[in-house]
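**Q** Provided below are the primary sequence and the corresponding predicted coordinates.
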Amino acid sequence: MKRNIILFLVMLCGFVLQTTLFQTLSFGGISPNILIIITVSYAFMYGGKCGMVVGFLCGLLMDIFYGNVLGFYALVYLYIGAANGVFHSIFYQDDIKLPLVLILVSDFVYTFICYVLLYLLRRRFDILYYLKYIMIPEVVYTIFVTVFIYPMILFLNRTIDDVERGENKVV
Amino acid sequence: MSPVAKRKKGKFSIPSKYLLLILTCVCVALMAVTFFTDYSASPLNKLVGYIVVPFQDGVSRIGTWISVRIDELGELRIVLQENQELKQQLDELTVQNTQLQQDKYELNNLRELYKLDEQYSGYEKVGARIIARDSGNWFHAFTINKGEEDGLAIDMNVIAGGGLVGRIIDIGPNWAKVNAIINDDSNVSGMVLASSDILMVSGSLQLMGDGVIGFGQLIDSQNTVKVGDKIVTSNISDKYLPSILIGYISEINQDSNNITKSGKITPAVDFEHLEEVLVILKIKQQIGDK
């Protein structure tokens, strides 16, 4: 229960920071994608089920505020969470390279899906432009921010694990 | 969950493939519902309005407070440095000041004359602050800190600095989402003020980088429309009130069909540094409305 409340707060903080702080910290109008970092991290640390729920909720939050159709972003994030859950079996706490690669690939896939479904279908064909000015900068910025945020999430979850383990011992 | 906790609980034991299927169905159902009906998720809007918006409001308030304090500190240092020089230049400045006050008086007069030009100053407006921006990089909608409780409604026009910003497309009790006219999925029916030619102003992500908006479908057989002409919202627009300034033409090109023209408009609003906006509390009358 405690864990779920903290998870919810993490998502809320991520969304609030992404829409306020990181919009003012944007480089050339590009801001990092915090929600994808959270989704991938939780999927990677706790498996597909957790990733799915986190992804679904993150996407739903985006849909409610900035989506044209409710459920679109939720679906995209849901599948990103589910796909990253597969890698849970090779999760080692001290390894930061794999989560970085996973987040890089996930964010690229995410922006690419957004391009295809939201832009290409409205006959915006100049893929190189969007690749150069939107997708690649977003991925690079997101990776940069991940280096700071991923250890924070990891530390938070390790602390919760320790606390829970301690409680179990006492009982 | 950690292995210890998992063994203890174990009541949620839906296999993950079924969870994926269920959530996918939920998403598809939501999309179908919002796409095919007018249901605009108002309970969800209300819920997140009370959970998320206070945080966004707070964080952006803190951000503004900090940036104002930083500015103040910087200004203080400059003022202290300049104080010495200014004391020496006091006499000179007194004379200059008199001159400037005269200029200012003149400027105010000219400004008032200029304001008469703007027809829409008669509409009742309410000020609002931008508290959050679109979390993705593909669209540039933003959230303002006023909603239904302040008398706002969907389709109300939003202006800032005398120019059109966009319109409200989604609303909650204490927030509203504004779609800017520079957004890639936005189209506004506009009109050249001088010649009353109708054109279509459509936002584009590619042009946004240059700080301009595109326009097209301008039929100008007399070749009267020139670079620098004022573009305002047209009378035939469904959602926008007439005669709100959009911007000035910065480029015109003949289309390959030789009938219509297209080009670029420099918007009247500085979209990059937008912080406060005005919402016009009047919705364009629709056919069939009373």
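**A** Sure thing, it's come through.

**Q** Which parts of chain A are helices?
**A** A:2-19, A:21-24, A:34-46, A:48-66, A:72-85, A:97-114, A:127-130, A:136-170 (DSSP state H).

**Q** for the fourth one, packing partners?
**A** What that stands for is helix A:48-66. helix A:2-19, helix A:34-46, helix A:72-85, helix B:16-36, helix B:42-51 (3 or more CB pairs under 8 Å, 6 or more residues apart in numbering or on different chains; DSSP states H and E). (C-beta placed from N, C-alpha, C; glycine too.)

**Q** Equivalent analysis for the longest one, please.
**A** Counting contacts by 3+ CB pairs under 8 Å, 6+ apart, helix A:136-170 packs against helix A:2-19, helix A:34-46, helix A:97-114, helix B:3-8.

**Q** What residues of stretch A:58-70 count as buried?
**A** A:58-68, A:70 (16 or more other CB atoms under 10 Å in any protein chain shown).

**Q** For it, give me every contacting residue.
**A** A:11, A:14-15, A:19, A:35, A:38-39, A:71-78, B:30-31, B:33-35, B:41, B:44-45, B:48, B:52, B:132, B:134-136, B:139, B:141, B:143, B:170, B:177, B:185 (CB atoms under 8 Å, 6 or more residues apart in numbering or on different chains).

**Q** show me what contacts residue 129?
**A** Going with chain A. B:Q206.

**Q** actually chain B
**A** B:R129 makes contact with B:60, B:144-145, B:275-277, according to CB under 8 Å, 6+ apart.

**Q** Recalculate using a threshold of 10 Å.
**A** B:57, B:60-61, B:64, B:143-146, B:275-277 (CB atoms under 10 Å, 6 or more residues apart in numbering or on different chains).

**Q** who wins for neighbours among those residues?
**A** B:T143 (27 neighbours; other CB atoms under 10 Å in any protein chain shown).

**Q** Hmm, that one is touching B:D134, no?
**A** Yes. B:T143 is within contact range of B:D134, at 8.6 Å (criterion: CB atoms under 10 Å).

**Q** Now the common contact residues for the two.
**A** Common contacts of B:T143 and B:D134 (CB under 10 Å, 6+ apart): A:19, A:65-66, B:177.

**Q** so for the one helix or strand B:V95 maps to, what's the average pLDDT?
**A** Assigned by DSSP states H and E, B:V95 belongs to helix B:90-115. Model confidence over helix B:90-115, given as mean pLDDT, is 75.

**Q** what does the stretch 101-250 of chain B have sitting close to chain A?
**A** When proximity is defined as CB under 10 Å from any CB of the partner chain, the stretch 101-250 of chain B approaches chain A at B:130-143, B:169-170, B:172, B:175, B:177, B:179, B:184-185, B:204-206, B:208-209.

**Q** So which of those residues belong to strands?
**A** B:130-133, B:142-143, B:169-170, B:177, B:179 (DSSP state E).

**Q** Now do the worst-scoring helix or strand of chain A on mean pLDDT: which elements does it pack against?
**A** Across the helices and strands of chain A, mean pLDDT, DSSP states H and E gives its lowest value to helix A:21-24, namely a mean of 80. Other helices and strands packing on helix A:21-24, by 3 or more CB pairs under 10 Å, 6 or more residues apart in numbering or on different chains; DSSP states H and E, are helix A:2-19, helix B:53-88, strand B:125-133.

**Q** possible to save these as CSV with distance to A:V53?
**A** Shown next, in CSV, are those (distance: least, CB to CB, whole Å):
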stretch, distance to A:V53
helix A:2-19, 9
helix B:53-88, 21
strand B:125-133, 24
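
**Q** Of the ones you listed, which shows the lowest average pLDDT?
**A** Among the helices and strands packed on helix A:21-24, helix B:53-88 carries the lowest mean pLDDT, a mean of 81.

**Q** and that one, does that touch chain A?
**A** Yes. Residues of helix B:53-88 are located near chain A by CB under 10 Å from any CB, namely B:53-64, B:67.

**Q** next one: stretch B:257-265
**A** No. With CB under 10 Å from any CB as the criterion, chain A is not reached by stretch B:257-265; the gap is at least 15.1 Å.

**Q** list the buried ones in that stretch?
**A** For stretch B:257-265, by 16+ other CB under 10 Å, it's B:260-265.

**Q** Low-confidence ranges, chain A, go.
**A** For chain A, the stretches with pLDDT under 70 are A:169-171.

**Q** any idea where the helices of the stretch 151-290 of chain B begin and end?
**A** B:205-208 (DSSP state H, counting those that start in this stretch).

**Q** can you give me the strands for it?
**A** B:157-160, B:163-171, B:176-180, B:187-192, B:198-202, B:213-219, B:230-233, B:245-254, B:260-267, B:276-280 (DSSP state E, counting those that start in this stretch).

**Q** Contact partners for A:F155?
**A** A:F155 makes contacts with A:Q93, as judged by CB under 10 Å, 6+ apart.

**Q** That one and chain B: what is the separation?
**A** Distance, A:F155 to chain B, using CB to the nearest CB, to the nearest Å: 15 Å.

**Q** Also A:V40?
**A** In this view, A:V40 and chain B are 16 Å apart by CB to the nearest CB.

**Q** Quickly compare the helices and strands packed on helix A:21-24 and say which is most buried.
**A** strand B:125-133 (a mean of 20; mean count of other CB atoms under 10 Å in any protein chain shown).

**Q** partners of that strand, with directions?
**A** Strand partners for strand B:125-133, identified by DSSP bridges, are recorded as strand B:142-144 (antiparallel), strand B:276-280 (antiparallel).

**Q** Redo the helices and strands packed on helix A:136-170 as CSV? Include distance to B:L193.
**A** Conversion of the helices and strands packed on helix A:136-170 to CSV gives the following (distance: least, CB to CB, whole Å):
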stretch, distance to B:L193
helix A:2-19, 36
helix A:34-46, 43
helix A:97-114, 37
helix B:3-8, 68
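
**Q** Those helices: which one's closest to B:Q102?
**A** helix A:2-19 (47.2 Å; CB to CB).

**Q** what's the angle from the closest one to helix A:136-170?
**A** For helix A:2-19 against helix A:136-170, the angle by axes from the mean of the first three to the mean of the last three CA atoms, to 10 degrees is 160 degrees.

**Q** gap between whichever residue of the stretch 51-200 of chain B sits closest to chain A and B:L73?
**A** Residue of the stretch 51-200 of chain B nearest chain A, by CB to the nearest CB: B:A132 (3.6 Å). Remark: distance between B:A132 and B:L73 (CB to CB, to the nearest Å) = 27 Å.

**Q** same deal with B:S221?
**A** 59 Å.

**Q** now do A:T159
**A** In terms of CB to CB, A:T159 sits 36 Å off from B:L73.

**Q** Among the buried residues of stretch A:58-70, which pair sits farthest apart?
**A** Farthest pair in these, by CB to CB: A:C58 and A:N68, 17.4 Å.
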